[in-house]
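[1] Everything below, folded, please.
(2 chains)
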Amino acid sequence: MHLTGTETVLMILAIAAGTIITRFLPFVMFPDSKRPPLVVEYLGRVLPPAMMGLLVVYCLRNVKVEVPSHGIPELVSIVFIVLIHRWKSNVLLSIGGGTLLYMFLLRNMQM
Amino acid sequence: MNKKFTSDRGDFKTAFRAAFPGTIPVLTGFLVLGMAYGVLMQTKGYGVLWSVLMSAIAFCGSMQFVAITLLTVAFNPLQAFLLSLMVNARHLFYGLSMLDRYRGLGKVRFFMIYVLCDETFSIASSVEPPEGVNRKYFYLTISLLNYLYWITGTFFGGILGNLVAFDTAGLDFVLTALFVVLFIEQWKNRRNRSSALVGIAGSVLSLLVFGSENLVIPAMVIILTVLLMGKERICTSQELKQY
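    This next block holds a predicted model:
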């Protein structure tokens, strides 16, 4: 432990404060009692699909195409998830199956 | 867009049963990553008390990993605060997206905003409470369970250290898989497709230009700009009248 107990507590509070601000700000700016401006309602409607796209890209940000395994386990697993999800539409099956396939490929691909 | 058809009545147990299955991927991912976090903190000399305190109070997965480095250099809480604002900036968009869904939920709303993480946002913005299920308890279950998974994972990582014998490499892909599936769920609705594409394209562009370490904030700016400027093309004609 590099910092003292008090310093560590202060660090936890500083990090929490940053997080809390980003989480509460929209709800403070547009309180429950009032209807938000139309442009905010519009963003609330279109942001979720866009952010889901961002999260997918974010999760894959460290995949390197030029070095082994060339992102193949990620690509194959995601294609598998898309196909099985279109076929069965079962969220847990798609996620579980995709993850197991990824773990298998990670262990058994020599490239 | 108020979800008038969902019920404000119904008990907690029914809502819990309806919401729990959707959180199972998060259970898996958060136990693995939470344990990894607890173990990593342990190796830097911060025992289970500290890692659990951080997880319970700050509750911000990726920032917590970033903060491990900050706990091993000279004490600088201002730097930690500013970095936390930047790493967590994406929450601003989650809040905007949840204004409507978290409307009128009373006191628990405070807790739900406090713990609004990537995974909770993803599930809560993609899944509707089934008919007859209490809306408040449904969203509360998702928030509460995901919060507890993370703390539990951290706790076990902190007390077990490196004793975990089985090989978990790749198990954290479960969260990637969760986001992929929820992306498909959003995609199923035709009116979501253009903004979904904006999200993917804007993020890939940001990744190529700014690199993997700094992709989020530029991506948010690109996405916001395109969504605002392309309103006429993204909205259906009916929606255009509404906004």
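[2] what's near enough to touch B:Phe210?
    B:Pro218 (C-beta atoms under 8 Å, 6 or more residues apart in numbering or on different chains). (Glycine included, C-beta is placed from N, CA and C.)
[3] Not counting sequence-adjacent ones, nearest residue to the most centrally placed residue in chain A?
    In chain A, the residue lying closest to the centroid (C-alpha atoms, centre = their mean) is A:Leu55, at 3.9 Å. Excluding the flanking residues, the one nearest A:Leu55 by C-beta to C-beta, 6 or more residues apart in numbering or on different chains is B:Phe179, at 4.4 Å.
[4] Please, which helix or strand holds that neighbour?
    Assigned by DSSP states H and E, B:Phe179 belongs to helix B:173-188.
[5] What helices and strands are in contact with that helix?
    Judged by 3 or more C-beta pairs under 8 Å, 6 or more residues apart in numbering or on different chains; DSSP states H and E, helix B:173-188 is in contact with helix A:38-59, helix A:72-88, helix A:91-108, helix B:24-43, helix B:118-126, helix B:193-210.
[6] Of all the ones you listed, which one comes closest to B:Leu160?
    Checking these against B:Leu160 by C-beta to C-beta gives helix B:24-43 as the closest, at 7.3 Å.
[7] ok, back up a step: my guess is the residue nearest to the centre of chain A contacts B:Glu119. True?
    No. Taking contacts as C-beta atoms under 8 Å, A:Leu55 lies outside contact range of B:Glu119: 9.1 Å.
[8] what's the span of stretch A:83-94, first residue to last?
    End-to-end distance for stretch A:83-94, by C-alpha to C-alpha, to the nearest Å: 9 Å.
[9] Now do it: distance to the chain's middle.
    Distance, stretch centre to chain centre, for stretch A:83-94: 19 Å (C-alpha atoms, centre = their mean, to the nearest Å).
[10] related to what we said a few turns ago, what separation do you get for the residue nearest to the centre of chain A and B:Gly29?
    13 Å (C-beta to C-beta, to the nearest Å).
[11] By average pLDDT, which secondary structure element in chain B comes out worst?
    Taking mean pLDDT, DSSP states H and E as the measure, chain B has helix B:237-242 as its least confident helix or strand, at a mean of 77.
[12] Could you check how far it is from the centre of its chain?
    30 Å.
[13] same question, stretch B:118-126
    6 Å.
[14] and stretch B:14-25, anywhere near chain A?
    Yes. Under the criterion of C-beta under 8 Å from any C-beta of the partner chain, chain A is reached by stretch B:14-25 at B:21-22, B:24-25.
[15] Buried ones among the residues you listed?
    With burial judged by 16 or more other C-beta atoms under 10 Å in any protein chain shown, the buried subset of the residues of stretch B:14-25 next to chain A is B:22, B:24-25.
[16] B:Thr152: which of these is nearest?
    B:Ile24 (14.0 Å).
[17] for that closest one, what are its contacts?
    B:Ile24 neighbours (C-beta under 8 Å, 6+ apart): A:Leu92.
[18] list the helices and strands the host helix or strand of B:Ser55 packs on?
    In this assignment (DSSP H and E), B:Ser55 forms part of helix B:48-57. Using 3+ C-beta pairs under 8 Å, 6+ apart as the contact test, the elements touching helix B:48-57 are helix A:5-29, helix B:24-43, helix B:61-70, helix B:135-160.
[19] Please convert those helices to a markdown table, extending it with mean pLDDT and distance to A:Ser69.
    Shown next, in a markdown table, are these (pLDDT from 0 to 100; distance: least, C-beta to C-beta, whole Å):
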| stretch | mean pLDDT | distance to A:Ser69 |
| --- | --- | --- |
| helix A:5-29 | 97 | 34 |
| helix B:24-43 | 93 | 20 |
| helix B:61-70 | 92 | 23 |
| helix B:135-160 | 96 | 27 |
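[20] wait, B:Lys136 sits on B:Gly106?
    Yes. In this structure B:Lys136 lies within contact range of B:Gly106 using C-beta under 8 Å: 6.9 Å.
[21] of those two, who's got more company?
    Using other C-beta atoms under 10 Å in any protein chain shown, the more surrounded residue of B:Lys136 and B:Gly106 is B:Lys136, with 22 against 8.
[22] Okay, now the unreliable bits of chain B?
    Chain B contains residues with pLDDT under 70 at B:1-8, B:162, B:164-166.
[23] Quick check: the residue nearest the centre of chain B vs B:Tyr102, distance?
    Closest residue to the average C-alpha location of chain B: B:Asp118 at 1.3 Å, with C-alpha atoms, centre = their mean. Computed as C-beta to C-beta, the B:Asp118 to B:Tyr102 distance reads 16 Å.
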